[in-house]
Structure formats: structure tokens, C-alpha cells
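[1] model this:
(2 chains)
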Amino acid sequence: MLVLSRKKDESIMIGDQIEIKILAVEGEQIKIGIVAPKTVKVHRSEVFEAIQAQNREALSASSSFLEQLKKK
Amino acid sequence: MSSFKGAYKRMKIATKFLGEVEISEQDILTFEHGLLGLEDEKKFVILPIDADLPLAILQSVEHTEIGFVVAYPFAFKKDYSFDISEDDRDQLQIEKEEDVLTYSIVTMKETFQESTINLLAPLIVNMDKKCGKQIVLQDNKSYPLRFPMRTLEGSAK
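    Presented below is the predicted three-dimensional model:
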């Protein structure tokens, strides 16, 4: 992993179209601004983890659910 | 009845919910990137359920245990809408809206009332090109990861 130190208001370029800017540092929390083309998707990584977990949970549905539906 | 037989190979697969099902090679949908957390699972079929509900089954062709209940999201949330990014449109070779079907993965609980559908990461399927993808929408309140199913708002399908 490449590690760079940045101060508030400094930024990093990824390629020539993506800019990551440090907007504020408040204790443990860091505000980051991201300038990127619309085609680049930016998500908090927890979102991906939550979706993966949800997919796994959905998989654990028992195969008898169809009968339950019919009983309804 | 059409007599146009033999053009596509038919095969039997074991499914998680429906026992053995005969499918045609042309029914197989390719999810090039798999699903989130199941990146190696690339070949699926969508199977109808014999019930008066806006639900279907997404079944892996290769692994019996990989089967999901999926829902037509618009039946549960009428105003559900989102844009498909240009990248995803290219990847799924989407030319017109009519070719696209949207499904949401259902997390089935003990009762239908407790069950939820995933509106944050819908499955986009190009029925014409037989390919699909689980896309991730921008995280916000209109796209809950766990949307309660109990509100069957729209018309079925």
C-alpha cells in the first residue's frame, strides 16, 4: 500500500481525473472530498460489506419457504 | 406449438427450492462479476414460482445450494427508480429499456411480514443479451438494504 501524509486542504491525484482532498480533520473523523468522473463509482466500503453480508443472509433462507408461502 | 426444437441444448439442473428443473441453454444468464460476496458464481437462471406473488427464483446453474428468492421491486415500492450508469449500460450491452429487468434479492425470514428486499443493490438483467449484474446504488434513504416486504404496493409485476 502506498502511504502518503497530507494536511488539511492538500490533495492527492489518482490518475489525471480523480482528486482526493482532505477537507477537515476533526479528532477521529476526517472529511474527504472526492472529485471524479461520473463513471467512477464511489462508495463507503461498509456499503459493500453490508451488501455481501445481506446476500449471504438471503442465501440462508430454508428451501421450505415455498411451502410456507402456500400455507399463508 | 413451434417445432423449432434442438436449436438449444436442454439440460436438467438441481435447484435449491424447486427440485430438478429442466432448463434450456438459452435461459442461462451470465453474471460476469458474480454477485457481491459470490464473485465466482457467474451462471444463473431465473425460474418462475407457481404462486400469485411478484417473486421468482435466481438459481445458480452450477451449485444447487446457491439459490435466491428474488422479487420484482416495483411491486413493493412503486416509486422505486434509479439510473443505470453508463459503465453498467455498456457492460450489460443495454440498448433499450425494455430489455432490462430488475430484481431485488429477498431475505426470507420466518414470516413474510419479517422478510425484506434489498433495494440498495438490485440485480439488473438484460434479457436480450442474457447477462446480468448486481449493481450498487448511491447509498441513501430511497434505497434501503432491508426494505420490508409487507407493503405489497404495486400491481404484481
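[2] how much space between B:Thr116 and A:Glu57?
    The gap separating B:Thr116 from A:Glu57 is 9 Å, by Cβ to Cβ, to the nearest Å. For the C-beta atoms, the positions are set from N, CA and C on the backbone; glycine is no exception.
[3] which residues are in contact with both of these two?
    B:Thr107 (Cβ atoms under 8 Å, 6 or more residues apart in numbering or on different chains).
[4] Show me the longest strand that occurs in chain A.
    strand A:18-26 (DSSP state E).
[5] Can you tell me what sits against that strand?
    Residues from elsewhere that reach strand A:18-26, judged by Cβ under 8 Å, 6+ apart: A:6-14, A:30-37, A:40.
[6] Please apply the same query to stretch B:78-88.
    A:38-39, A:41, B:73-74, B:92, B:94, B:100, B:119, B:122, B:124, B:133, B:135, B:137, B:142-143, B:153-154.
[7] Stretch B:62-69 too?
    With contact meaning Cβ under 8 Å, 6+ apart, stretch B:62-69 is reached by A:55, A:58-59, A:61, A:63, A:65, B:13-17, B:38, B:41, B:43, B:55-60, B:105-106, B:108.
[8] which of those residues count as buried?
    When the contacts of stretch B:62-69 are checked for burial by 16 or more other Cβ atoms under 10 Å in any protein chain shown, the buried set is A:55, A:58-59, A:61, A:65, B:13, B:15-17, B:38, B:41, B:55-60, B:105-106, B:108.
[9] Return the subset of these lying in strands.
    Per DSSP E, the subset of the buried ones among the contacts of stretch B:62-69 in strands is B:13, B:15, B:55-60, B:105-106.
[10] Make CSV out of those and add pLDDT and distance to B:Pro148.
    Output for those, formatted as CSV (pLDDT from 0 to 100; distance: Cβ to Cβ, whole Å):
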residue, pLDDT, distance to B:Pro148
B:Ile13, 96, 32
B:Thr15, 94, 27
B:Leu55, 92, 15
B:Ala56, 94, 19
B:Ile57, 95, 21
B:Leu58, 97, 20
B:Gln59, 97, 25
B:Ser60, 97, 27
B:Ile105, 97, 14
B:Val106, 95, 11
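[11] Please identify the one among the residues you listed that lies nearest to chain A.
    Looking at these and their distance to chain A, the nearest is B:Ile105, at 4.9 Å (Cβ to the nearest Cβ).
[12] In contact with that closest one, which residues?
    B:Ile105 touches A:54-55, A:58, B:58, B:68-70, B:117-118, B:121, B:123, B:134, counting by Cβ under 8 Å, 6+ apart.
[13] Same question for B:Ser60.
    B:41, B:43-44, B:66-67.
[14] How about it: what's its closest non-neighbour residue?
    Sequence neighbours aside, B:Ile66 is the residue nearest to B:Ser60 in space, at 3.6 Å (criterion: Cβ to Cβ, 6 or more residues apart in numbering or on different chains).
[15] any idea how far the one you found is from B:Asn126?
    For B:Ile66, the distance to B:Asn126 equals 21 Å [Cβ to Cβ].
[16] Contact residues of chain B facing chain A?
    For chain B, the contact set with chain A under Cβ under 8 Å from any Cβ of the partner chain comprises B:16-18, B:35-38, B:49, B:51, B:53, B:65-69, B:85-87, B:105-108, B:111-112, B:118, B:120-121, B:134, B:136, B:138-139, B:145-146.
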